[in-house]
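Q: Got a sequence here, can you model it:
(one chain, ligands or ions: 1)
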Amino acid sequence: METSEYDVAILGAGPAGAACALALHGHGLRVVLVDKATFPRDKVCGDAIPGLALKALRQLNPAWHAELLAGLTPRADTRDSRVVAPNGRELRIRWQLPTFNSPRLHFDDHLLGLVRRHTTTKIREDYAVRDIQTTPTGVQLLPAHKEQEPLTARLLIACDGANSVAARRLTQRTIDKAYHCAAVRAYYSGIAEVDGTTTEFFFLHEYMAGYCWIFPVGNGVYNVGFGMLSEAVARQRVDLKKMLPQLLATHPELAQRFAGAQQLSEVEGFGLPLGGRPRPLAGERFLLCGDAASLIDPLQGHGIDTAMQSGILAARQAVRSCQQNDFSPAFLADYEHQVARQITSKLARSYRLMRLVAPRPWLMNVGFAVARQPLLKRWLLRVAG
Ligand SMILES: Cc1cc2nc3c(=O)[nH]c(=O)nc-3n(C[C@H](O)[C@H](O)[C@H](O)COP(=O)(O)OP(=O)(O)OC[C@H]3O[C@@H](n4cnc5c(N)ncnc54)[C@H](O)[C@@H]3O)c2cc1C
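A: As a prediction, this is how the structure comes out:
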């Protein structure tokens, strides 16, 4: 059996892995990017692409950013949000950074398209990694399919998402329900009182550690979902897959808006590993990025931006490590410091705010009333982006 040799193996071709491969371009490294799926592949998500994700791509290369935007359909350009408090009162927000929503089926495929067209990365789809072994000279990815050959590299950058095999094997990560969300979503059309450009959030008195969303994704289709802190899901014994259609049929506002709507897909669920507390993100010959590193914003539930930002930081660390031939935990710890400084500190603030508000619907109602004041609204926008 032949063994491949690479400088860097990126495990997972979602936003973290694709951004990492793009950031490694031009450094003369032998890079392989593997994924168990064949793209285009779906990913259960709200499909809201945060402005900071697009900013990260633009900073990497403005031409790639322009190419992504020019080719990506369907999508809904969104700048406005409508946020409904537990008491039914609403707040309208215009975000500072331009952004859009696009089904992950298409967004992730377009991002990977940039890697295909602009880098020399070897892309291996349909390559599921079963296990990882670290040796003194490299790291070996062992495939689930016996007929495929193992891959070896000097450094592993693990971008394999919320159920990361790398995080489990290399850092013994387990699910901490206080830092984990469960969420479900389905696609709908024919919803009443929608404008195709506004994202909507509903906070509910009875399920406070989470929210329901309606996000336009283009062509009259809407991503509708509900996410909640796993600790609260367990405590309140909520079956999210059953709860979403029930909510849409009974909520005073949503019931009349969904009366004539068509459900276009099954209700599907997935986990969100939340950021906000220090975790091991690096060790002997490996770095973790994105959901594998638990970098989702605890307040708003977005993680595509932090996935791409961490993928780019990991690429910079990989270049330094390969140049100096140093893959020791001590040298790779600089990546952890960069992530802590640029990403985790902000997520820790979000986590504290989420924990403060979640058990106190009255506080959120008061907060909404206060946030209508123009000065406070501007401050809120600066904090939330
Ligand atoms: C219901 C829901 C709604 C969300 N809504 C939003 C939102 O609106 N906006 C937002 O910014 N974020 C949202 N998120 C979070 C967002 O989906 C993640 O933060 C983001 O996808 C992280 O990107 P990633 O590249 O780290 O991982 P992923 O996008 O999960 O990519 C991981 C890749 O690794 C591959 N992989 C996994 N295991 C293996 C293996 N063993 N071998 C080979 N390949 C493997 C997978 O096939 C996949 O392609 C939501 C999450 C959920 C669950």
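
Q: for the closest residue to residue 254 other than its chain neighbours, what are its contacts?
A: Excluding its sequence neighbours, the residue lying closest to residue 254 (Cβ to Cβ, 6 or more residues apart in numbering) is residue 248, at 5.2 Å. Where C-beta positions appear, they are placed from N, C-alpha and C, glycine not excepted. For residue 248, the contact set (Cβ atoms under 8 Å, 6 or more residues apart in numbering) comprises 224, 254-255, 258, 261.

Q: what about the helix or strand residue 248 falls within, near the ligand?
A: Per DSSP states H and E: residue 248 is located in helix 240-250. No: remark: helix 240-250 sits outside contact range of the ligand, by Cβ under 6 Å from any ligand atom, the gap being at least 9.4 Å.

Q: Past that helix, which element shows up next along the chain?
A: Next along from helix 240-250, by DSSP H and E: helix 252-257.

Q: Dump that next one to CSV, restricted to CA.
A: Only the C-alpha atoms of helix 252-257 are listed here, as CSV (Å, rounded to 0.1, in the frame of the first residue of the first chain):
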residue,chain,number,x,y,z
PRO,A,252,-49.6,33.9,17.8
GLU,A,253,-47.7,35.7,15.0
LEU,A,254,-46.0,32.7,13.3
ALA,A,255,-49.2,30.6,13.1
GLN,A,256,-51.0,33.0,10.8
ARG,A,257,-47.9,33.7,8.7
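
Q: Excluding sequence neighbours, find me the nearest residue to the residue in the stretch 101-250 of the chain that the ligand sits nearest to.
A: Of all residues in the stretch 101-250 of the chain, residue 161 sits closest to the ligand, at 2.9 Å by Cβ to the nearest ligand atom. Distance criterion Cβ to Cβ, 6+ apart; nearest residue to residue 161, sequence neighbours excluded, is residue 291 at 4.6 Å.

Q: so who does that neighbour touch?
A: Here residue 291 is in contact with 14, 16, 161-162, 164, 272-273, 303, 307 (criterion: Cβ under 8 Å, 6+ apart).

Q: residues from the stretch 251-385 of the chain in reach of the ligand?
A: Within reach of the ligand by Cβ under 6 Å from any ligand atom, the stretch 251-385 of the chain has these residues: 270, 272, 290-292, 296, 301-305, 307.

Q: what's the closest non-adjacent residue to residue 6?
A: Spatial nearest neighbour of residue 6, excluding adjacent residues (Cβ to Cβ, 6+ apart): residue 153 at 4.1 Å.

Q: quick one: which of the residues of the stretch 251-385 of the chain next to the ligand sit in helices?
A: Using DSSP state H, the members of those that fall in helices are 304-305, 307.

Q: what residue ranges in the protein score low on pLDDT?
A: 1-4, 372-385 (pLDDT under 70).

Q: Show me the domain layout of it.
A: 4-75+98-176+274-357, 178-272+363-384 (automatic domain parsing).

Q: Assign the nearest residue to residue 148 once chain neighbours are set aside to helix, strand or coil.
A: Counting by Cβ to Cβ, 6+ apart, residue 127 is the residue found nearest to residue 148 once chain neighbours are left out, at 6.2 Å. On the three-state scheme (DSSP: H, G, I helix; E, B strand; the rest coil), residue 127 is labelled coil.

Q: Tabulate the ones in helices among the residues of the stretch 251-385 of the chain next to the ligand (TSV), appending distance to residue 283.
A: Listed next are these as TSV, based on distance: Cβ to Cβ, whole Å:
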residue	distance to residue 283
304	25
305	25
307	20
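
Q: picking that back up, need phi/psi at the residue of the stretch 101-250 of the chain closest to the ligand.
A: Main-chain torsions, residue 161, degrees, to the nearest 10: phi 80, psi -170.

Q: burial measure for it, as a count.
A: Using other Cβ atoms under 10 Å, residue 161 has 25 other residues around it.

Q: Do I have it right that it meets residue 290?
A: Yes: counting by Cβ atoms under 8 Å, residue 290 is a contact partner of residue 161 at 6.9 Å.

Q: so what sits against both of those two?
A: With Cβ under 8 Å, 6+ apart as the test, residue 161 and residue 290 both reach 12, 14.

Q: can you pull the contacts of residue 195?
A: Residue 195 neighbours (Cβ under 8 Å, 6+ apart): residue 216.
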